[in-house]
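After the sequence you'll find the predicted model.
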Amino acid sequence: MASQGNKQAKDNIRILDDSIISDDQLKFIKLLDKNNGLIYLSCKQHGISHTTYYNWHKRNELFAKECNDINEKFVDIVEGVLFKHIKGSNEAVSSSCAKYYLSTKGHSRGYKERIEHQIIDWDKLTIDQIKYIKVHGCLPETFK
């Protein structure tokens, strides 16, 4: 039952190179596209569980390809917006977007997100230091 490209077959089943997408799956794919690739929202609107979606994705190569293509489309759109902000005139937004991009895409060049932890011995803090931490989330250098 192979075909050239997509074709509607008997019982509303879509066929592409011997893979099939049921009418139910096709409706889900259209919802996924309408919902910007958000799986949870699409499952909820379609009335299926996440488990059903992931089973369809795992067992049906064509369904998985269609869903992955939708995801890639929206990743491209978001990357476009990110680059627009990187090139924009608002320096704070531009800098923040550039740092985010480099922390996710620039690993091979040494750009990585780094988290520093501060260990606090609460028994040795003064009342002023505790108040400062509650407001700012950390100790300033002058208290250390």
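Everything's here; your move.

Could I get the phi/psi values of G110?
phi 100, psi 0 (degrees, to the nearest 10).

S22 now?
Dihedral angles (degrees, to the nearest 10) for S22: phi -70, psi 160.

Which residue ranges of the protein form strands?
7-9, 13-16, 19-21 (DSSP state E).

Could you identify which of the ones you listed has the lowest mean pLDDT?
Note on the strands of the chain: strand 7-9 shows the lowest mean pLDDT, a mean of 43.

Between the two ends of stretch 113-128, how far is it?
Terminal residues of stretch 113-128 are spaced 32 Å apart (Cα to Cα, to the nearest Å).

Quick one: mean pLDDT over it.
On average, stretch 113-128 scores 76.

Could you do stretch 89-100 as well?
Rounded mean pLDDT across stretch 89-100 is 88.

CA atoms only for that stretch, dumped as CSV, please.
Taking C-alpha atoms only, stretch 89-100 is exported to CSV below (Å, rounded to 0.1, in the frame of the first residue of the first chain):
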residue,chain,number,x,y,z
SER,A,89,18.6,48.2,20.7
ASN,A,90,17.6,47.4,24.3
GLU,A,91,21.0,46.6,25.7
ALA,A,92,19.8,44.8,28.9
VAL,A,93,17.5,42.5,26.9
SER,A,94,20.1,42.0,24.2
SER,A,95,22.8,41.1,26.7
SER,A,96,20.5,38.7,28.6
CYS,A,97,19.4,36.9,25.4
ALA,A,98,22.9,36.6,24.2
LYS,A,99,24.0,35.1,27.5
TYR,A,100,21.1,32.6,27.4
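
and for that stretch, what are the contacting residues?
Stretch 89-100 is touched from outside by 82, 85-88, with contacts defined as Cβ atoms under 8 Å, 6 or more residues apart in numbering. For the C-beta atoms, the positions are set from N, CA and C on the backbone; glycine is no exception.

In CSV, list the residues you listed along with distance to Y54.
Below are the contacts of stretch 89-100 laid out as CSV (distance: Cβ to Cβ, whole Å):
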residue, distance to Y54
L82, 28
H85, 33
I86, 34
K87, 38
G88, 38
